[in-house]
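Peer 1: please find the sequence and the predicted model below.
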Amino acid sequence: MAKDLAIKKTKLDEIKLKSKKYLLGNYSPYDVCFKYGVGELLFDTENKQYIDFLSGVAVMNLGHSDADILDALREQADRLFQTSNWFYSEESSNLAEALIANSFPGKVFFCNSGTEANEAAFKLARKYGFDRGIEKPVILSLKQSFHGRTLSSMMMTGQEKVRTGFGELLSGFDYVNVNNEDDLVEKFEKHQGSVSAFILEPIVGEGGIIPITQNFANLARKLTEETNSLLIFDEIQTGMGRTGRLFCCEHYGIIPDVMTLGKALASGFPIGAMIVTDEYADVLGVGTHGSTFGGNHLATFVAFETLKIIFGREILDNVNGVSEFIFNRIRMMQNKYSIIKEVRGKGLHIGVDFTIPTKNIAYECLKEGLVVNSTAETVIRLMPPLNISIERVDEALNIFDKVIERFNK
Ligand SMILES: Cc1ncc(COP(=O)(O)O)c(C=O)c1O
């Protein structure tokens, strides 16, 4: 009898209980668990449908369960997952060739995540500094930046909250205000003769979707050239077509010395990469760096397929068409709702800045079947898959509009 009266637990309740019991509490997930995805749609444990405007945080650029990606995964999984970097790999050499052909002349290092790509860039920058005879090399980055959670990435991350609570773990970092040219000049002067690199996200992502200005980018290139220091572009979030070009640096007409990639590179299969121009490709020589899984056959084969799809299906054209549609719709909403302050970004890397905190806006959207992300307190980040249709975007923006109306009191 008591059993009959007990409130029936849903599947989500069960998953929540187990997660809280066994998973470290370093995340605070929403009350949803997705079971499967098809294209730009996600379905939860109750089979409720959502439109995905988060893409696994700019990872699922081709949507969920893309047939060609699944075929590539199966094909390579049947053949070979992993041998090691003690042997040559046709798959990693093919991917490196394709990345170089579509970026700039140089060489590639493969790893497994964004932070590892930045870790590699950090080691390269520090070694380059010491090789040049700098006693205490300094790496500059942006105050609003996010570069990852491992030790060096965390130190390059300008957002203090990411670095707080761990003491002074590494020295040799300083931070520049985004798009503040005077501050940039000042920091180069302050560390005259010691700057080994300046790392930046061309569109500051977690920091609120703030595109760097052309002048700031030009100045960064000029100052790094003049001081023989490295310009590192973190394209972990902006890369692989997200901004309407394969890499965001193309918008600026700037070739960085080092570029880091991750997230969408293999359409959801974990991988990271660092591309280094020929000039600096020898800094990390034999034995200076490595990774067991880095460049494994499976990840690199799927990443190669991803590149083929981006060009084969003219994904970048879709990004630019859909982007224009979204910007127009949001600007129209801006005329209706005074709580929308600004819309920023490039391609399908879009931030809507509000006059109020956006955590609850994101939660209300989720309840209405639209997955978006709240970042930098007041920004809603819109990052749908790059192959999404205008019709679906229209549907998603209708939900967004309806939710904003509720908050615009
Ligand atoms: C710009 C940027 N760099 C680095 C990272 C870290 O990547 P990962 O979480 O794969 O380590 C992120 C993750 O959000 C990012 O947005």
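Peer 2: Cool, the structure landed. Fair warning: this is a prediction, and the values are worked out from it, not measured in the lab.
Peer 1: and the closest residue to the ligand within the chain, what does it touch?
Peer 2: Nearest residue of the chain to the ligand: G114, at 2.3 Å (Cβ to the nearest ligand atom). To be clear about C-beta, it is placed using only N, CA and C from the backbone, and glycine gets the same treatment. Contact partners of G114, counting by Cβ atoms under 8 Å, 6 or more residues apart in numbering, are H147, G148, S153, D234, I236, Q237, T260, L261, G262, K263, G272.
Peer 1: ramachandran coordinates for it?
Peer 2: Backbone dihedrals for G114, given as degrees, to the nearest 10, come out at phi -70, psi -50.
Peer 1: now it, nearest residue through space, not along the chain?
Peer 2: G262 (3.2 Å; Cβ to Cβ, 6 or more residues apart in numbering).
Peer 1: what do you get for G295?
Peer 2: Closest residue to G295 apart from its sequence neighbours, by Cβ to Cβ, 6+ apart: F110 at 3.4 Å.
Peer 1: Three-state assignment for that neighbour, please.
Peer 2: What DSSP: H, G, I helix; E, B strand; the rest coil gives for F110 is strand.
Peer 1: ok, what's across the strand from it?
Peer 2: For F110, the residues forming beta bridges with it (DSSP bridges) are A273.
Peer 1: do the same with G351
Peer 2: Beta-bridge partners, per DSSP bridges, of G351: R344, R381.
Peer 1: I'd guessed it sits against S374; true?
Peer 2: No. The pair G351 / S374 is not scored as a contact, 10.4 Å apart, by Cβ atoms under 8 Å.
Peer 1: what's the overlap in contacts for the two?
Peer 2: I380, R381.
Peer 1: per-residue confidence for the residue nearest to G295?
Peer 2: Predicted confidence (pLDDT) for F110: 98.
Peer 1: now do K9
Peer 2: Value for K9, per-residue pLDDT: 88.
Peer 1: now swap in L42 and tell me
Peer 2: 98.
Peer 1: what does K409 give?
Peer 2: pLDDT, read off for K409, is 84.
Peer 1: per-domain residue ranges of this structure.
Peer 2: Following automatic domain parsing, one gets these domains for the chain: 2-18+44-58+315-382+398-407, 68-312.
Peer 1: now, of those domains, which is deepest in the fold?
Peer 2: domain 68-312 (a mean of 20; mean count of other Cβ atoms under 10 Å).
Peer 1: what comes into contact with the lengthiest helix in the chain?
Peer 2: Ranked by residue count and defined by DSSP state H, the top helix of the chain is helix 315-336. For helix 315-336, contacts defined as Cβ under 8 Å, 6+ apart pick out 61-62, 241-246, 309-310, 340, 343, 346-348, 350, 352, 382, 384, 386-390, 393-394, 397, 400-401, 404-405, 408.
Peer 1: repeat that with 7 Å
Peer 2: Helix 315-336 is contacted by residues 241, 244-245, 309-310, 340, 343, 347-348, 350, 352, 382, 386-388, 390, 393, 397, 401, 404 when judged by Cβ atoms under 7 Å, 6 or more residues apart in numbering.
Peer 1: in strands, which of these fall?
Peer 2: Under the assignment DSSP state E, the contacts of helix 315-336 contribute I340, V343, I350, V352, L382 to strands.
Peer 1: between the residues you listed, which is closest to L41?
Peer 2: Checking the ones in strands among the contacts of helix 315-336 against L41 by Cβ to Cβ gives L382 as the nearest, at 16.1 Å.
Peer 1: so what's that closest one up against?
Peer 2: L382 sits next to F53, I326, I350, V352, V372 when contact means Cβ under 7 Å, 6+ apart.
Peer 1: look up how far K127 lies from A220.
Peer 2: Distance, A220 to K127, by Cβ to Cβ, to the nearest Å: 21 Å.
Peer 1: hmm, I typed the wrong one, I wanted I309.
Peer 2: Taken as Cβ to Cβ, the span from I309 to K127 is 36 Å.
Peer 1: same deal with F400?
Peer 2: 46 Å.
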